[in-house]
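S.K.: would you be able to build a 3D model of this:
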Amino acid sequence: MSASLLRRGLELLEAPGRGKAPPGLQRGRDGPRATGAARRRKRAPEPSRNKATVKGRVVKSAIEEYHKKKAVNHLRANLQYMLKGGFVANKAITEQVLAQNRGRKSKDQPPKKAAKKKPEGTVFTEEDFRKFEREYFGRP
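M.R.: Sure, this is the predicted structure:
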């Protein structure tokens, strides 16, 4: 907090009858350099301490920070979640969604499935063949 802000705050908090101090009692400001020089002179030379560290600060490892911020691959967990689900969508709905997402180009269309032909069954039975054989070849 700067000194001017502190002074303004004190002015707001002081009693209404008091008012400002007379100009002779106020500290003289010869300029910003003079106050800085006075502070430097006033300060007693202490044994120098390491200014890079702050009390209570823990030095963080750069490797740990890298591992924290590194992207995590969630593929395996997602696959397990998807595969364990017992809900299976209706095949008709699945086909409808796939058809909506398919493009109009021929390369996007799935190959046409050929209709399976049913094996043709005979109209004649085994007994009919025996009867025909007897009549045609004359066997009893």
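
S.K.: ok now stretch 2-19, how far from the chain's centre?
M.R.: 50 Å (CA atoms, centre = their mean, to the nearest Å).

S.K.: how about stretch 68-80?
M.R.: So, by CA atoms, centre = their mean, the centroid of stretch 68-80 is 11 Å from its chain's centroid.

S.K.: following the chain past the lowest-mean-pLDDT helix or strand in the chain, name the next helix or strand.
M.R.: The helix or strand of the chain with the poorest confidence is helix 32-42; it has a mean of 69 (mean pLDDT, DSSP states H and E). Counting by DSSP states H and E, the next helix or strand C-terminal to helix 32-42 is helix 62-69.

S.K.: using PDB, write out every CA atom in the helix or strand just after that next one.
M.R.: Downstream of helix 62-69, the first helix or strand assigned by DSSP H and E is helix 75-84. Provided in PDB are the C-alpha atoms of helix 75-84 (Å, rounded to 0.1, in the frame of the first residue of the first chain):
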ATOM      1  CA  LEU A  75      -8.200 -43.900 -23.500                       C
ATOM      2  CA  ARG A  76      -7.900 -47.000 -21.400                       C
ATOM      3  CA  ALA A  77     -10.300 -45.800 -18.700                       C
ATOM      4  CA  ASN A  78     -12.800 -44.700 -21.300                       C
ATOM      5  CA  LEU A  79     -12.600 -48.000 -23.200                       C
ATOM      6  CA  GLN A  80     -13.300 -49.900 -20.000                       C
ATOM      7  CA  TYR A  81     -16.200 -47.700 -19.200                       C
ATOM      8  CA  MET A  82     -17.700 -48.200 -22.700                       C
ATOM      9  CA  LEU A  83     -17.200 -51.900 -22.800                       C
ATOM     10  CA  LYS A  84     -18.600 -52.700 -19.400                       C
END
